[in-house]
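J.: sequence-free structure coming up:
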């Protein structure tokens, strides 16, 4: 009788584990479009326009249209470079602050001719290979109506023209810059109208601005998020450009914020945003540092790679990007935690072993705000990088992570007197200050709600992985 009861209880527990309830979301969570966007991790920015030919960063709006004359425009080459660099999308500056349109717009006279429709060539080149995004600056230093209410109608119509004739786009980039137009006036942007127009045109498009709603400016152009970096932000009463949060708030987000607005880290591979003959790209080491401090801190990296006067990505930029991809592959191709055993006493029916697989929609769900998870590796293993991912479809929860290297001796690894890391979010890449050689690891989590961990992985940056 006792044996029968034991078997029945075991079967019931297994059945419960197979049909474990999904934990309730905590706080704001990403939309499907925001989740897909975050999982892209690295995208390319292409600043291209009259400034490419004048050497300026911000054009005056008075440049002759004929000045923009790429000699060997090849948007397919941009896509080749992005693909080889491991980027999933490209955002083109179809209209910068000078007002020059890289398509023959019916709402401006400051455009390319029909025979040089860059935007058309761009979206055609991206189709089926990478996602296409578009930057359309509301500031316009050329349009005669800028600084009047009429311009808000012009800009809304411009958005409609681009998204209906060239879309769909995965991201719409709104620069918050607001300066004087040709009449010396500044524009009061009708942001509610612009956002409503976008929602009508493409509700799945991730909208970038100082406050989103799809993703936010990270508060700097230096290639890093804050630490911590929350994907949640308090946006009530705020508007892009006019009444945006302080850069420090944009860098870190707001713990317990009311809206899901993840950080996009925009930085250029060169000193300037547009191509200049006397400038050169960053090194692989510099790009890796940017990667660790952007993607590795719960941000998405938008790396600007400007086409040159030929209309192509320069060879030296392309070479660095390929090497950048190779370096990431070298470090992150072999997860040293594979084959380990994972155990946790407190779980919500979703086993600890789920943190070791590579299936995104599996996870370990703890039952307590303070929880532990133990990894026992196959053998004593040397590593110096830890990757932790929260399952963000259920919210961003973690506030602190610590690691015990020897649970019996209670020997903990911390960064000085600080925890291993603070919040995690989509992805946190933790670099240890020296390699650790151990077999049994205990991760200690503190969170706003019971943590839900998608993955834990270990790497050794000092070895050459296949």
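T.: Thanks, I have it. This one's a predicted model, so the numbers in the text were calculated from it and none came from an experiment.
J.: When you work out contacts or count neighbours from here on, use the C-alpha atoms and nothing else.
T.: Noted.
J.: could you give the mean pLDDT of stretch 86-104?
T.: This predicted structure assigns stretch 86-104 an average pLDDT of 98.
J.: ok now whichever strand or helix holds residue 80, how far from the chain's centre?
T.: For residue 80, the host element (DSSP states H and E) is helix 75-84. Between the mean C-alpha point of helix 75-84 and the mean C-alpha point of its chain there is a distance of 19 Å (Cα atoms, centre = their mean, to the nearest Å).
J.: buried residues in that helix?
T.: Going by neighbour count (16 or more other Cα atoms under 10 Å), the buried part of helix 75-84 is 75, 76, 77, 78, 79, 80, 81, 82, 83.
J.: thinking the last one is in contact with residue 130, fair?
T.: Yes - A contact is recorded between residue 83 and residue 130 when judged using Cα atoms under 8 Å, the distance being 7.4 Å.
J.: so where is the stretch 1-150 of the chain shaky, pLDDT-wise?
T.: In the predicted model of the stretch 1-150 of the chain, residues 1-20 satisfy pLDDT under 70.
J.: can you give me the strands for it?
T.: 42-46, 89-95, 131-136 (DSSP state E, counting those that start in this stretch).
J.: Residue 448 is nearest to which of those strands?
T.: strand 42-46 (28.4 Å; Cα to Cα).
J.: buried stuff in stretch 101-112?
T.: Buried residues in stretch 101-112, counting neighbours by 16+ other Cα under 10 Å, are found at 101, 102, 103, 104, 105, 108, 110, 111, 112.
J.: Wait, the second one touches residue 119, no?
T.: The reference is to residue 102. Yes - counting by Cα under 8 Å, residue 102 does reach residue 119; the two are 5.8 Å apart.
J.: so what's in contact with the two at the same time?
T.: residue 94 (Cα atoms under 8 Å, 6 or more residues apart in numbering).
J.: Give me the secondary structure label for the residue nearest to the spatial centre of the chain.
T.: In the chain, the centroid-proximal residue (Cα atoms, centre = their mean) is residue 300; its distance is 1.5 Å. For residue 300, the reduced secondary structure class is strand; criterion used: DSSP: H, G, I helix; E, B strand; the rest coil.
J.: returning to what we had before: let me know the closest of the buried residues of stretch 101-112 to residue 89.
T.: Comparing every one of the buried residues of stretch 101-112 with residue 89 (Cα to Cα), the shortest separation belongs to residue 102, at 18.6 Å.
J.: How about the contacts made by that closest one?
T.: Residues counted as contacts of residue 102 (Cα under 8 Å, 6+ apart) are 49, 94, 95, 111, 112, 117, 118, 119.
J.: Any chance of CSV for these, columns distance to residue 61?
T.: CSV is the format used below for the contacts of residue 102 (distance: Cα to Cα, whole Å):
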residue, distance to residue 61
49, 11
94, 14
95, 11
111, 11
112, 14
117, 19
118, 19
119, 19
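J.: Going by neighbour count, which of these are buried?
T.: Using 16+ other Cα under 10 Å as the threshold, 49, 94, 95, 111, 112, 117, 118, 119 are the buried ones among the contacts of residue 102.
J.: For residue 452, state which of those residues is nearest.
T.: Proximity to residue 452 was ranked across the buried ones among the contacts of residue 102 by Cα to Cα; first place goes to residue 94, at 40.1 Å.
J.: give me every residue that touches that closest one.
T.: Residues touching residue 94, when contacts are defined by Cα under 8 Å, 6+ apart, comprise 48, 101, 102, 103, 119, 134, 135, 136.
J.: what about 10 Å?
T.: Going by Cα atoms under 10 Å, 6 or more residues apart in numbering, residue 94 touches 46-49, 100-103, 118-119, 122, 133-137, 162.
J.: looking at it, residue 287 is touching residue 304, isn't it?
T.: No - here residue 287 does not reach residue 304: they are 11.6 Å apart, not a contact under Cα atoms under 10 Å.
J.: rewinding a little: closest to residue 389 among the buried ones among the contacts of residue 102?
T.: Relative to residue 389, and with distances defined as Cα to Cα, the nearest of those is residue 94, at 34.6 Å.
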